[in-house]
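S.K.: this one's structure only:
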């Protein structure tokens, strides 16, 4: 079974939202500055969206760990 590109894109976006929220909160806790935390979280959004999407698409071609049951 291979996931559709739409499914991969949806998973990419929802995962990135969760990941960026995590980065924002951790950055805020570490620095104590909301503006710096926003800068850190927003700077990583685009690159990690692209990286996760391609990671997800590549894994669709790897049969390891899949079962037809």
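M.R.: Thanks, I have the structure now. Keep in mind the model is a prediction, meaning the values are calculated, not measured.

S.K.: Centroid-nearest residue for this structure?
M.R.: For the chain, the residue nearest the mean C-alpha position is residue 16 (3.4 Å; C-alpha atoms, centre = their mean).

S.K.: got the contact list for it?
M.R.: Contact analysis of residue 16 by C-beta atoms under 8 Å, 6 or more residues apart in numbering lists 45, 48, 49, 52. Where you see a C-beta, it was placed from the backbone N, CA and C, and this is true even at glycine.

S.K.: Distance-wise, check it relative to residue 27.
M.R.: Residue 16 sits 16 Å away from residue 27, going by C-beta to C-beta, to the nearest Å.

S.K.: any idea how far residue 53 is from the residue nearest to the centre of the chain?
M.R.: From residue 16 to residue 53 the distance is 9 Å (C-beta to C-beta).

S.K.: filter the contacts of residue 16 to the buried ones?
M.R.: Buried members of these, scored by 16 or more other C-beta atoms under 10 Å, are 48, 49, 52.

S.K.: Inside helices: which ones of those residues?
M.R.: Counting by DSSP state H, the buried ones among the contacts of residue 16 place 48, 49, 52 in helices.

S.K.: Mind putting those residues into JSON lines with distance to residue 35?
M.R.: Formatted as JSON lines, these follow (distance: C-beta to C-beta, whole Å):
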{"residue": "48", "distance to residue 35": "21"}
{"residue": "49", "distance to residue 35": "23"}
{"residue": "52", "distance to residue 35": "26"}
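
S.K.: between the residues you listed, which is nearest residue 58?
M.R.: residue 52 (10.8 Å; C-beta to C-beta).

S.K.: burial count for the closest residue to residue 5 other than its chain neighbours?
M.R.: Take residue 5 and drop its neighbours on the chain: the residue closest to it by C-beta to C-beta, 6 or more residues apart in numbering is residue 57, 7.5 Å away. The tally of other residues near residue 57 (other C-beta atoms under 10 Å) stands at 15.

S.K.: Pull the distance from stretch 2-11 to the chain's centre.
M.R.: 13 Å (C-alpha atoms, centre = their mean, to the nearest Å).
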